[in-house]
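Colleague: What would the 3D arrangement of this be:
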Amino acid sequence: MLTSQRHLFSIPDDVTYLDVAYMSPIPRSAVEAGLRGVHVKAAPWEMTIDSYYDEVEQARALAASFIGASPDDVALVPATSYGIALAAANVPVAAGSVILMMENEHTSHRYAWYELAKQKGAEVVMVKRAPDEAWSDCLIAAIRTSRAPVSVVAGTILHWFEGTHVDIEAVADACRGVGASLVMDGTQWVGAVPFDVARVRPDFLSFATYKFLLGPYRLAFLYADKKWQTAGRPLEFHSWNRAGGERPDFFLETMLDYLPGARRFDMGERSDFAVLPIAIESMRLLRQWGGQRVYERLLDLNRMIWRQAEQRGYSGPAESLRAGHVSVVELGSRNRDDLAKRLKEKRVFVTIRGSKMRVTPHVYNDESDIVRLFDILDELTR
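Modeller: As a prediction, this is how the structure comes out:
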């Protein structure tokens, strides 16, 4: 099994960081790559046209490899919300139809659908579930029993803060059964969980790099199904996503054809000379470790979290409903208003919302981090 890679990160010895679902640190080698990238902009007289294309294509290919896609299927975008907005600008939504999503869906995967529903005369329907129910069962039931046609389902493979699993393949089948578009947010799992878009076949899948991909902030990727690669309309219009946009006389002729595949959706100023090298180096490291090995490592660490939690009488989702790489522990009556602050004072970092504590390790963690979290939790809640 993959062992802890903490030695590749600049994490102080006294820091227990178990909050990658909030924000990851980046590896030291990625920091160095970013510094080299900054120096590219420091000497623009040495830049060539390749500076605008080479790293873009490297990043595109690496991102595609985490979801079983080809580089042609992936666009560079600035944020998950941008990718979702781009999907919302393309998927068909008829007046009187409904857009379905899980209750308390992440805001980056929520607000675009409310805006679209308002524009189109559609309705957003929040799907609820009982504690013992699976999200996929609830979503499928909502799709099949909807009183109005379902135009879009906002999907993912887990609830972002409950830490509960979604059988997205079953949800995708139900979407196809009623002709609904499936748009997915992968920010809380791409880089941690092996995934194959060929099995799910979403219309769009948007995912940022700053969490489980160990990358920079302000960079994301968007997968687009083949049908959107020829008919889709981008949000921005510029020369970098146009065939011939690299030509020195690009301003003399209007080039109406897009570059092949999902490149038509690329953002403007996609060639960020400081940000792209960080993402490339972090994704290279993840590929080097191996997606399955990373996933198994995270599964093992999360099993230990639940052993420690259950030994102390803490609860959470039923084991059959839990996502393997995210643990959301119910603190119950032992929670206190200042618990997150007190943990930070002890240099222990997790996310606490209400009485739920989300614990999300990555490859830089080891078993001692989890033991320390619960030992200090004992001390603070005694």
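
Colleague: Verify the contact between residue 26 and residue 217 for me.
Modeller: No - in this structure, residue 26 is not within contact of residue 217 by Cβ atoms under 8 Å, at 9.6 Å. All C-beta atoms are positioned from the backbone trio N, CA, C, and that covers glycine.

Colleague: When these two are compared, which one has more neighbours?
Modeller: residue 26 (24 against 16; other Cβ atoms under 10 Å).

Colleague: Just confirm the more buried one is within a helix.
Modeller: No - with DSSP: H, G, I helix; E, B strand; the rest coil as the criterion, residue 26 is assigned coil and is not in a helix.

Colleague: who's in contact with it?
Modeller: 9, 34, 214, 215, 216, 278, 282 (Cβ atoms under 8 Å, 6 or more residues apart in numbering).

Colleague: can I get the residues you listed in a markdown table with distance to residue 60?
Modeller: Putting the contacts of residue 26 into a markdown table (distance: Cβ to Cβ, whole Å) gives the following:
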| residue | distance to residue 60 |
| --- | --- |
| 9 | 25 |
| 34 | 18 |
| 214 | 18 |
| 215 | 14 |
| 216 | 15 |
| 278 | 15 |
| 282 | 15 |
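
Colleague: Now flag whichever of these is closest to residue 365.
Modeller: Among the contacts of residue 26, residue 9 lies closest to residue 365 (Cβ to Cβ), at 10.0 Å.

Colleague: now the closest residue to the closest one other than its chain neighbours, what's its secondary structure?
Modeller: By the measure of Cβ to Cβ, 6 or more residues apart in numbering, the closest residue to residue 9 outside its immediate chain neighbours is residue 364, 4.6 Å from it. Here residue 364 is coil, with the state taken from three-state DSSP.

Colleague: Kindly report the same for residue 329.
Modeller: strand.

Colleague: Which positions are bridged to it in the beta structure?
Modeller: residue 357 (DSSP bridges).

Colleague: In terms of pLDDT, where does residue 252 sit?
Modeller: Listed pLDDT for residue 252 reads 62.

Colleague: List the contacts of the helix ranked longest in the chain.
Modeller: Taking DSSP state H as the criterion, the chain has its longest helix at helix 291-311. Outside helix 291-311, the residues that touch it by Cβ under 8 Å, 6+ apart are 1-2, 66, 191-194, 286, 316, 319, 322, 324-327, 329, 359, 361-363, 365, 367, 370-371, 373-374.

Colleague: out of those residues, which are inside helices?
Modeller: 286, 367, 370, 371, 373, 374.

Colleague: Take those and lay them out in CSV including distance to residue 50, neighbour count and pLDDT.
Modeller: Converted to CSV, the ones in helices among the contacts of helix 291-311 look like this (distance: Cβ to Cβ, whole Å; neighbours: other Cβ atoms under 10 Å; pLDDT from 0 to 100):
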residue, distance to residue 50, neighbour count, pLDDT
286, 25, 24, 98
367, 45, 13, 97
370, 45, 24, 98
371, 49, 13, 98
373, 46, 25, 98
374, 51, 20, 98
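
Colleague: residues in contact with the most centrally placed residue in the chain?
Modeller: Nearest residue to the geometric centre of the chain (Cα atoms, centre = their mean): residue 187, 0.7 Å. For residue 187, the contact set (Cβ under 8 Å, 6+ apart) comprises 80, 106, 108, 206, 207, 208, 211, 220.
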